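*Asks:* model this:
(one chain, ligands or ions: 2)
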Amino acid sequence: MSQNESTAENLNVLTSTQAVIKEALTKLGYGSEMYELLKEPLRTLTVRIPVRMDDDTVRVFTGYRAQHSDAIGPAKGGIRFHPDVTEDEVKALSIWMSVKCGIANLPYGGGKGGVICDPREMSFREQERLARAYVRAISQIVGPTKDIPAPDVMTNSQVMAWMMDEYSRIKEFDSPNFITGKPIALGGSLGRDTSTARGVAICIREAARVKGISLEGSRVVVQGFGNAGSYLAKFMHEAGAKVIAISDAYGALYDENGLDIHSLLERRDSFGTVTKLFKNTISNKELLELDCDILVPAAIENQITLENAYDIKAKIIVEAANGPTTMEATRILSERDILLVPDVLGNSGGVIVSYFEWVQNNQGYYWTEVEVETRLEELMVRSFETVYNTAQARNIDMRLAAYMVGVRRLAEAVELRGWV
Ligand SMILES: NC(=O)C1=CN([C@@H]2O[C@H](COP(=O)(O)OP(=O)(O)OC[C@H]3O[C@@H](n4cnc5c(N)ncnc54)[C@H](O)[C@@H]3O)[C@@H](O)[C@H]2O)C=CC1
Ligand SMILES: O=C(O)CCC(=O)C(=O)O
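*Replies:* Ligands and ions are numbered 1, 2, ... in the order given. Model (predicted):
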């Protein structure tokens, strides 16, 4: 990394996303008015959430819900509980949801929520009170035809169940279609818990095909062992690949002969923590630079940057996490001929099956797991092909191609509504 590169790197996920949106719109022939509208969410609500803790004190949490666009349909996107949540991050995440829904052709705009908190340090009941209070705080702007939340980092099906229950009480009717990623007993869809990872696995298979790499025996490294990362490791192991390293927020595990994924899956906790149980861990930094064929960042933002982009040895990177690679690192990886499948395509399996869940809730008719997986496979393969072919035809990287595919329909809907 040169001195110039170090000072040039933009780690603000909102402004760096805006730069790609601008480039994509320009390439599609749109002018500054369209960019002015799409560069920020239409609406961002900040809420202060008082929660009574188990020791009877009151803590006030800050939360956000950003709705990037409702030009195509209701907003859609997860809710994150994490100490590092910021308003700009939530805004960027909502823009990524719009692009993601555009690529998969789902009838949604993007939304995202976040609460600044650390659920790992809260009791079960404190998490429940926070989840319910957050829904009360945002209840006026969300709903089955306005904005449909879902799980994200450190929220899960139990949190969705509390949120659905709270929303149903406020509105005085049962509203399973208010939120997705619910437990099956409350109207959740079969296959939603594994869908993000299943979509990533399909992208890995397609990327390996175009790169001429055989999955059988390939070496896979996964950063993050929560919902996305742990099931992905399982699917790669089942596909005959060798998962040589995994990590969580506390460290990383490495074995060049392949890790015992089934045992790790059984031993991880609900926040995706597992490395604390073992000695001889390597660092997350070392993990990203391991000699491997496929690297899957499945944790948080800004992991592949100017600091390490030249040291990455993987031939394929599929982003399960949102925003793990900076735009500058994307450029370097592309120059180094590393195939990078961006987040807005790579992890879209989650929102695709969330859409299936919402459709099933609206119809009151539930699909089999095979039906869910078949439809997911169809949409993922089509999305991959569209983005890959766009990248090839225009000689651009997969991220820019994905943004072009993703914003095209949104811009068209905005024009048809007469907003721009
Ligand atoms: N859950 C879902 O359906 C979807 C998740 N995603 C994205 O996938 C990523 C992971 O989400 P989930 O698996 O749901 O979250 P999770 O909370 O289930 O797991 C997160 C994992 O990342 C690890 N982690 C956190 N900070 C880390 C750090 N600094 N270094 C290394 N590991 C770290 C955690 O220890 C945990 O293993 C996020 O970027 C999320 O937005 C994207 C689409 C859908
Ligand atoms: O399932 C959903 O609706 C959204 C999942 C999500 O937050 C994401 O794709 O980043």
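*Asks:* which parts of the protein sit against ligand 1?
*Replies:* For the chain, the residues in contact with ligand 1 (C-beta under 6 Å from any ligand atom) are 151-154, 196, 223-229, 247-249, 271-273, 284, 298-300, 320-322, 347, 350. (C-beta placed from N, C-alpha, C; glycine too.)
*Asks:* cutoff 5 Å now
*Replies:* The chain comes close to ligand 1 at residues 152-154, 196, 224-228, 247-249, 272, 284, 299-300, 321-322, 347, 350, as judged by C-beta under 5 Å from any ligand atom.
*Asks:* Okay, and which of those map to helices?
*Replies:* Thr196, Asn227, Ala228, Asn284, Gly350 (DSSP state H).
*Asks:* Show the buried residues in the residues you listed.
*Replies:* Neighbour counting with 16 or more other C-beta atoms under 10 Å marks Thr196, Asn227, Ala228, Asn284, Gly350 as buried within these.
*Asks:* Widest-spaced pair of those?
*Replies:* Farthest-apart pair in those is Asn284 and Gly350; separation 22.6 Å (C-beta to C-beta).
*Asks:* Kindly list the single helix or strand of this structure that scores lowest on mean pLDDT.
*Replies:* Within the chain, judged by mean pLDDT, DSSP states H and E, the helix or strand with the poorest mean is helix 3-8; its value is a mean of 52.
*Asks:* shaky segments in this structure?
*Replies:* 1-7, 280 (pLDDT under 70).
*Asks:* of all of it, which residue lies closest to ligand 2?
*Replies:* Gly78 (2.6 Å; C-beta to the nearest ligand atom).
*Asks:* residues near that residue, how many?
*Replies:* When neighbours are counted by other C-beta atoms under 10 Å, Gly78 registers 25.
*Asks:* Within the sheet, what are the partner strands of the helix or strand harbouring it, with directions?
*Replies:* Per DSSP states H and E: Gly78 is located in strand 75-82. Strand pairing for strand 75-82, using DSSP bridges, gives strand 109-116 (parallel), strand 147-151 (parallel).
*Asks:* can you put those in a markdown table and add mean neighbour count?
*Replies:* Output for the strands paired with strand 75-82, formatted as a markdown table (neighbours: other C-beta atoms under 10 Å):
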| stretch | mean neighbour count |
| --- | --- |
| strand 109-116 | 28 |
| strand 147-151 | 27 |
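*Asks:* Reformat those as JSON lines; add distance to ligand 2.
*Replies:* Output for the strands paired with strand 75-82, formatted as JSON lines (distance: least, C-beta to the nearest ligand atom, whole Å):
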{"stretch": "strand 109-116", "distance to ligand 2": "6"}
{"stretch": "strand 147-151", "distance to ligand 2": "3"}
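*Asks:* Could you say which one of those strands comes nearest to Asn361?
*Replies:* Between Asn361 and the strands paired with strand 75-82, the shortest gap by C-beta to C-beta is with strand 147-151, which sits at 9.5 Å.
*Asks:* what is Gly51 paired to in the beta sheet?
*Replies:* Careful, residue 51 is Val and not Gly. Going by DSSP bridges, Val51 forms beta bridges with Arg59.
*Asks:* so it touches Thr57, yeah?
*Replies:* No. At 9.7 Å, Val51 does not count as touching Thr57 under the criterion of C-beta atoms under 8 Å.
*Asks:* Between the two, point out the one with more neighbours.
*Replies:* Comparing Val51 with Thr57 by neighbour count (other C-beta under 10 Å), the higher total belongs to Val51, at 21 against 8.
*Asks:* Would you enumerate the residues in contact with that one?
*Replies:* By C-beta atoms under 8 Å, 6 or more residues apart in numbering, the residues touching Val51 are Val58, Arg59, Val60, Phe61, Glu126, Arg129, Leu130, Ala133.
*Asks:* what about 7 Å?
*Replies:* Residues in contact with Val51 (C-beta atoms under 7 Å, 6 or more residues apart in numbering) are Val58, Arg59, Phe61, Glu126, Arg129, Leu130, Ala133.
*Asks:* Of the residues you listed, keep whichever come out buried.
*Replies:* Applying 16+ other C-beta under 10 Å to these flags Phe61, Glu126, Arg129, Leu130, Ala133 as buried.
*Asks:* With distance to ligand 2 and secondary structure added, can I get those in a markdown table?
*Replies:* Supplementary listing: the buried ones among the contacts of Val51 in a markdown table, determined by distance: C-beta to the nearest ligand atom, whole Å; DSSP: H, G, I helix; E, B strand; the rest coil:
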| residue | distance to ligand 2 | secondary structure |
| --- | --- | --- |
| Phe61 | 19 | strand |
| Glu126 | 23 | helix |
| Arg129 | 23 | helix |
| Leu130 | 18 | helix |
| Ala133 | 21 | helix |
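*Asks:* nearest to ligand 1, of these?
*Replies:* Leu130 (15.4 Å).
*Asks:* how much space between the closest residue to that closest one other than its chain neighbours and Arg132?
*Replies:* Sequence neighbours aside, Val51 is the residue nearest to Leu130 in space, at 5.0 Å (criterion: C-beta to C-beta, 6 or more residues apart in numbering). Val51 is 9 Å from Arg132, where distance means C-beta to C-beta, to the nearest Å.
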